[in-house]
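A.B. asks: Quick one, structure for this:
(4 chains)
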Protein chains: 4
Amino acid sequence: MTASIFADTPAIRYEGPDSHTPLAFRYYDADRVVLGRPMADHLRIAVAYWHSFCGDGADTFGPGTHRRPWHTADDMAHAKTKLHAAFDFFERLGNPFFCFHDVDVCPLGDNLTEAGDNLFAIRDLIGDRMERTGTKLLWGTANLFSHPRYMAGAATNPDAEVFAYAAGQVRNVLTVTHQLGGENYVLWGGREGYDTLLNTDMKREQAQLARFLTMVVEFKHKIGFTGTILIEPKPCEPTKHQYDRDAATVHAFLRRFGLEKEVKLNIEANHATLAGHDFEHEIAYAIANDLLGSVDINRGDSRLGWDTDQFPNNVPELALALVHIVRAGGFATGGMNFDAKIRRQSTEPDDLFHAHIGGMDVLARALLAAEAMIRDGMLQEFVDERYKGWDQGLGAEIMAGDWTLDALADHALDAGIAPKPRSGRQEYLENLVNRFV
Amino acid sequence: MTASIFADTPAIRYEGPDSHTPLAFRYYDADRVVLGRPMADHLRIAVAYWHSFCGDGADTFGPGTHRRPWHTADDMAHAKTKLHAAFDFFERLGNPFFCFHDVDVCPLGDNLTEAGDNLFAIRDLIGDRMERTGTKLLWGTANLFSHPRYMAGAATNPDAEVFAYAAGQVRNVLTVTHQLGGENYVLWGGREGYDTLLNTDMKREQAQLARFLTMVVEFKHKIGFTGTILIEPKPCEPTKHQYDRDAATVHAFLRRFGLEKEVKLNIEANHATLAGHDFEHEIAYAIANDLLGSVDINRGDSRLGWDTDQFPNNVPELALALVHIVRAGGFATGGMNFDAKIRRQSTEPDDLFHAHIGGMDVLARALLAAEAMIRDGMLQEFVDERYKGWDQGLGAEIMAGDWTLDALADHALDAGIAPKPRSGRQEYLENLVNRFV
Amino acid sequence: MTASIFADTPAIRYEGPDSHTPLAFRYYDADRVVLGRPMADHLRIAVAYWHSFCGDGADTFGPGTHRRPWHTADDMAHAKTKLHAAFDFFERLGNPFFCFHDVDVCPLGDNLTEAGDNLFAIRDLIGDRMERTGTKLLWGTANLFSHPRYMAGAATNPDAEVFAYAAGQVRNVLTVTHQLGGENYVLWGGREGYDTLLNTDMKREQAQLARFLTMVVEFKHKIGFTGTILIEPKPCEPTKHQYDRDAATVHAFLRRFGLEKEVKLNIEANHATLAGHDFEHEIAYAIANDLLGSVDINRGDSRLGWDTDQFPNNVPELALALVHIVRAGGFATGGMNFDAKIRRQSTEPDDLFHAHIGGMDVLARALLAAEAMIRDGMLQEFVDERYKGWDQGLGAEIMAGDWTLDALADHALDAGIAPKPRSGRQEYLENLVNRFV
Amino acid sequence: MTASIFADTPAIRYEGPDSHTPLAFRYYDADRVVLGRPMADHLRIAVAYWHSFCGDGADTFGPGTHRRPWHTADDMAHAKTKLHAAFDFFERLGNPFFCFHDVDVCPLGDNLTEAGDNLFAIRDLIGDRMERTGTKLLWGTANLFSHPRYMAGAATNPDAEVFAYAAGQVRNVLTVTHQLGGENYVLWGGREGYDTLLNTDMKREQAQLARFLTMVVEFKHKIGFTGTILIEPKPCEPTKHQYDRDAATVHAFLRRFGLEKEVKLNIEANHATLAGHDFEHEIAYAIANDLLGSVDINRGDSRLGWDTDQFPNNVPELALALVHIVRAGGFATGGMNFDAKIRRQSTEPDDLFHAHIGGMDVLARALLAAEAMIRDGMLQEFVDERYKGWDQGLGAEIMAGDWTLDALADHALDAGIAPKPRSGRQEYLENLVNRFV
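C.D. replies: The predicted structure follows:
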């Protein structure tokens, strides 16, 4: 086996904030203890196999610009070359986790038999490299959106045979994920939606989707997979409307079909912004509704209407999201997967390192800022103080169900209640945050 | 009492498509039977008291431009002048319904006592004019967002006394709505959301909101109100984030708090587009999840990011929404409320007539187009045919729960399933629709 | 040569509005005289070679779904098969024009020599089929955005050799366009912009772009091409920012570099909406500034942030755009090119016919509506009446430069000017339009 | 005269980054020398009179929440109270500049005579306080958008008398601005656009706008005002389309009417984002086209579609904008005006201080980061290196006009040019920036 394109890059080391070495960490220091846990255990960073090793810089207006040796053919030999390069990359970067789709790691062939044969064959190689490098699997997933058979959906396809094919593919990947010690299994329904309502029976399709998800949950338990089943919301693209639009939409779906205790969310930053939400909002909503599973930690461009999947680079925004996550107890099985790709013009293998190092450093800085905000405590105190009227007296009684509307209305009349607005102090609080970021 | 500003306008009559009379209906023909029901009973059109009689054309960059006699003071005398003008307008337009907030029909004074006194006083006058004109009340609602006391929310306010004040206000308006024979009661949470997460406890606020809604539902039953309680989704404006973002978000909220059988949705077209949805999508989603209550039938401007609340004028889009509604059995207690306002430059009383006549004609044309599409049947046939594999055989068995993932995966392998994509025929279907609109 | 995939489809005929034949025109009647000109001469409809014959339904999330015989290899033999199929399609559809990029009609090989050889070879075949079918060339263009060499722009590339390569490519295509009697030559700068300002010298790049355009204009005159040079604005995609953002931005660029008399605009509907404009606005702006050249008549989806390039289907919007165009004298060398593609799920050759027939019918209806509005005259009268104060008296004097600010301010003071707002009558005018659409 | 509401607040002082004093600067240190100039001279910060002293927290859904003593009546006495409070605020904050509209500082009465009388009366008081506090006037402007007479535009009004009235108003404010030593005069055309094209003659309106602007420029020279005339672009709101949409659109307008040497731009951050641009883009475009005048330094919310006018708080974005400004030589007559308002819930006078202190500190940090990036030089070196092929050889010859398209195409062919793509290094550059912010 020839040396991979990453072989000449030395392992990336932590050198501290003053380092001018481009290929070094300035903030990401895996073992540094932050609020009682090593930084690496807070962030649980994963590299996305697809963007970093399958992506070639192609876009709708032109073919790939990144020339990698394994792009020249789509067979098992090239899949292996890619695999070794990927793990060489992990070894140098020091990311604790990676994530993959079946189609990323091997060709899926012409039918389910070939797909399974290839996947199970490459599994052993993956397992071997995982063992040698110590890189773990954050999650696996089946690609149920690229092949033409899925053009009208997988579980939501008008053709029941497509549903069955998808079942076969998911069984393979969930099994392999389990065998490789994966901590989660993700479903992203890229074609589970519609291009036009004119040819769509939404009610029926949502029932099909629920049936599929139920079957996946049952299978998970059958094989003893103790990881988490995650749904990744996205509002659109490639479809006009994707059923798993955002955290709240998936929440409604899970509750309607009784799956809210079995399935959690994989929140992607760029998908949040495409849906019109701040990433922080989606995180806060998921936590408030006990649905946070894992995170795809990329960024979009607020001026552009498609999934640009850029590496994160805005510390202030990430710091606030991390405050929510850390306060909620941090990730259980989840982590932070860079579902991010280098730009079409970033053609060199080194660019992959720059991108990941930049992303990891930004997350590390954000975590340190979150630590400082939590230790300082003033933000939390402000909120606690603001709502304290709900912890006692009238507020507590209302929440306890002690008051009917009628009785409360009488009380308001009788007591001549005349509440005085109190400043929300938004600018003061924004300044406070700016002390830490 | 002097004559109202509308007194000189004769009643608006149906004159047919070839009419050139500006103040006449060309399509809206209340008694015309469409699919077995009079047109008026399908559409159940309501005029919005606030936009049409309280609005004065003011916007963020300038004060009002519409001079109405009742705008010169905010007291009961002027409220009565406004009321008589409003009913004069209804009488001429022939709308079967209207909708109102408490603050639209009378001043709310300085405290709950005054608010109640004024509202109950004006109620009798409203009832009298309703009886004389035959105009019915589609829904009432309490304004829980304009007064400074509500700047941080009503039910979701950090101050429990604001919650109590809101309870007092809702009791008044729900009672009056009941007494006036209103068919629904609407809650729009214009300030139930946040401006910044920095000062907000989202989980707590959602629990407060659920408590409030539960109390309203209980009160409705207590007083024997048989109308429907409706939540009106909106994603933002005035807040950065409003909790009742869209149909799916409210769906999640209702299910989480066990209210999905008690509360339905009032879907507004412009709120749908602000949330990134086609109006038709929100209608279809609500129907698929048994949540459709009523509709605010305005339009936004797809190029603008705020609630422009314009009168509807696009027949093709409305026709498809009406196909969904009519196929689902039409409105029960709901209807189509013009939550729409004439433009700032539309200063004349006549402009109000043009706007409503245009809107009613457009809805009538859309209904006639929907009728033609439903009678023709080809759209529905196409969809039925497309999904027929789910009505029998493998598809039906899957939905019946007869297959596990494992068994289905085996079946897919054993049977060598190789599904062939079938054209979705979007362009053909779009052409088909264009035959009718 | 075997029969093309379109060979079995009979020629599409006009059958009138009541026709139920799916593959027939209901409104497009080429020879029908509208305001003194045949309908075909007003609309000058062109088929886009790329979307209809090169496109295969691929998107960012999956490969092509449309199986065409010529997609299996990228060589001259397959290019010829494609060409014959394309002209078979034109023959049946009856579109008077088509448009193409060099890369659509032949492979461009590995270097400029091959690119030229292939293009000049296929030119003769194109010319032959044009002559036999009577289909004319609306415009040609060079693809300066797909090949990796152009990833950082063509004229705006940091590498001057890329500029030179692009010059070679444009010379070829402009020459061939001239030889084939093309009526326009288009430049769309898909990569003439930036992904990040961090690596970009905007001032320099705009100067390069101007230099390139100037050279193209000079070359056009040198070879005696009497057609129009057109720039096609687009705000972004694939780049983050494309320099030719919208009509006004190109206008500024042309004026700054003294090219406003040599170059006009090819306005695309979907590009307009991506830039935050109504299509009608861009048309009106171009006409007001004497810049209208031609039109790419597709549609986007107002809820989606990328170029969906769908076929047009909204008569009301198109009718208003056509009123502007017809009133301005109609197209000179321009026309209406369907820069539109069938959906990924529209896999059948027939779907191409449905799409184009639907688009042509919609344009024909819009033209007939525009005719009716123009004949009726009330819309124009309203506007003329509204501004008539500028045709005489004070208004005319101001525009003639007869007043200084000082003198006019004195006049306003002395005359005690107190202008009264007059209703803009938007709703009335919208109703008026609805009489015709 | 009673003490103002700000009288109890001590002057705001610089205390350094470690300060925990809420009402102190942590970075803004007016006299600190940055790249050879005091920080204050780089930033030239101005307070916006309208938002800070006229605004009361009202929005479209509710009246004001900020109770200030001068809000209770709109007469000269209250205008004076407001004025003294404003200068008390300036004195404490230490902002070197302020900006105002005529309507901010005094009532405009019922006609031009009253408007002038009031303005000239208050001018003396303003001048007196300016002298005592040392606060200077960055710019003045006339409000030509709030009064109903302007509902259809000022210069672009269909009524020439409105144009004349506006001339009177501008003469007053430009004169007073000159008399008070103002450094710029701004025109923001809030109603110079359209709500619907149906009632609009765009070509005519643009000619009117150009005529008005020309008259203003002539008047400026007549009275010897040596400041800069600035246009402030905005795409929409309150109108559907505002003619001065963005920097490029105004550029086109100025060049078309020969005003590009007389008028520059006042770029507002939030207006840029509403137009679909990064603020940094608008700055870079203005500089590349020699149009940068001044800046309104607020921020919008990327998830919201209206002008939220929040105080700036994102250092990374501002740092890059400042790099452009500083490298271009900094402001001449311009500066950074906080066109920003405290939130509706920020009801306390102190909130105004928090907001301005936060904004000034963020700008100071951004300036220090810009200084560090400029001193480091690597960003600029990267760009220079990337384009160096245009400084010599073929590139330089092309730009010098030495090559025709024909000759260059021949050269490309003969030399067998085969340009190789070079990495754009976006991620590396983003990491580089993150060293400084």
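
A.B. asks: contacting residues for residue A:107?
C.D. replies: If a contact means Cβ atoms under 8 Å, 6 or more residues apart in numbering or on different chains, then residue A:107 has A:74-76, A:79, A:114, A:118 as its contacts. Every C-beta, even on glycine, is put in place using the N, C-alpha and C of the backbone.

A.B. asks: three-state assignment of it?
C.D. replies: Under the three-state scheme (DSSP: H, G, I helix; E, B strand; the rest coil), residue A:107 adopts coil.

A.B. asks: Check the gap between it and chain B for me.
C.D. replies: Separation of residue A:107 from chain B (Cβ to the nearest Cβ, to the nearest Å): 16 Å.

A.B. asks: Repeat that for residue A:64.
C.D. replies: With Cβ to the nearest Cβ as the criterion, residue A:64 and chain B are 25 Å apart.

A.B. asks: circling back: dump the contacts of residue A:107 to TSV, plus neighbour count and pLDDT.
C.D. replies: Output for these, formatted as TSV (neighbours: other Cβ atoms under 10 Å in any protein chain shown; pLDDT from 0 to 100):
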residue	neighbour count	pLDDT
A:74	13	93
A:75	13	97
A:76	17	97
A:79	20	98
A:114	13	97
A:118	21	98
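
A.B. asks: Show only the entries of these found in helices.
C.D. replies: Secondary structure from DSSP state H places A:76, A:79, A:114, A:118 of the contacts of residue A:107 in helices.

A.B. asks: Would you check which pair of the residues you listed lies furthest apart?
C.D. replies: A:79 and A:114 (12.8 Å; Cβ to Cβ).

A.B. asks: Before we move on, what's the pLDDT of the closest residue in space to residue A:108 that isn't next to it in sequence?
C.D. replies: With sequence-adjacent residues excluded and distances taken as Cβ to Cβ, 6 or more residues apart in numbering or on different chains, residue A:108 is closest to residue A:115, at 4.1 Å. We have a pLDDT of 97 for residue A:115.

A.B. asks: now residue A:115: how far from residue B:171?
C.D. replies: 63 Å (Cβ to Cβ, to the nearest Å).

A.B. asks: Near chain C, which residues of chain A? Just list them.
C.D. replies: Selection of chain A residues close to chain C by Cβ under 8 Å from any Cβ of the partner chain yields A:57, A:59-65, A:145-148, A:150-152, A:190-191, A:195-196, A:236-238, A:240, A:274, A:301, A:303-306, A:343-345, A:347.

A.B. asks: Which PyMOL command selects the buried ones in the residues you listed?
C.D. replies: In PyMOL syntax, the buried subset of the residues of chain A next to chain C is picked out as below (16 or more other Cβ atoms under 10 Å in any protein chain shown):
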select buried, chain A and resi 57+59+61+62+65+145+146+147+148+150+151+152+190+191+195+196+236+237+238+240+274+301+303+304+305+306+343+344+345+347
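
A.B. asks: In CSV, list the ones in helices among the contacts of residue A:107 along with distance to residue B:15.
C.D. replies: Shown next, in CSV, are the ones in helices among the contacts of residue A:107 (distance: Cβ to Cβ, whole Å):
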residue, distance to residue B:15
A:76, 75
A:79, 73
A:114, 70
A:118, 71
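
A.B. asks: which one of those is nearest chain B?
C.D. replies: residue A:114 (10.8 Å; Cβ to the nearest Cβ).

A.B. asks: Give me the neighbour count for the closest residue in space to that closest one that isn't next to it in sequence.
C.D. replies: Nearest residue to residue A:114, sequence neighbours excluded (Cβ to Cβ, 6+ apart): residue A:108, at 7.1 Å. Residue A:108 has 21 neighbouring residues, counting by other Cβ atoms under 10 Å in any protein chain shown.

A.B. asks: Ok, residue A:395 next?
C.D. replies: So residue A:395, with other Cβ under 10 Å, has 22 neighbours.

A.B. asks: for chain A, what's the longest helix?
C.D. replies: For chain A, the helix with the greatest residue count under DSSP H is helix A:349-376.

A.B. asks: other SSEs contacting that one?
C.D. replies: strand A:33-34, helix A:39-43, strand A:45-48, helix A:76-93, helix A:315-327, strand A:336-338, helix D:426-434 (3 or more Cβ pairs under 8 Å, 6 or more residues apart in numbering or on different chains; DSSP states H and E).

A.B. asks: These into a markdown table, with extra columns for distance to chain B?
C.D. replies: Below are these laid out as a markdown table (distance: least, Cβ to the nearest Cβ, whole Å):
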| stretch | distance to chain B |
| --- | --- |
| strand A:33-34 | 22 |
| helix A:39-43 | 20 |
| strand A:45-48 | 24 |
| helix A:76-93 | 20 |
| helix A:315-327 | 7 |
| strand A:336-338 | 20 |
| helix D:426-434 | 24 |
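
A.B. asks: who touches the residue in the stretch 301-437 of chain A positioned nearest to chain C in this structure?
C.D. replies: The nearest approach of the stretch 301-437 of chain A to chain C comes at residue A:305, 1.0 Å away (Cβ to the nearest Cβ). Neighbour list for residue A:305: A:274, C:274, C:304-306 [criterion: Cβ under 8 Å, 6+ apart].
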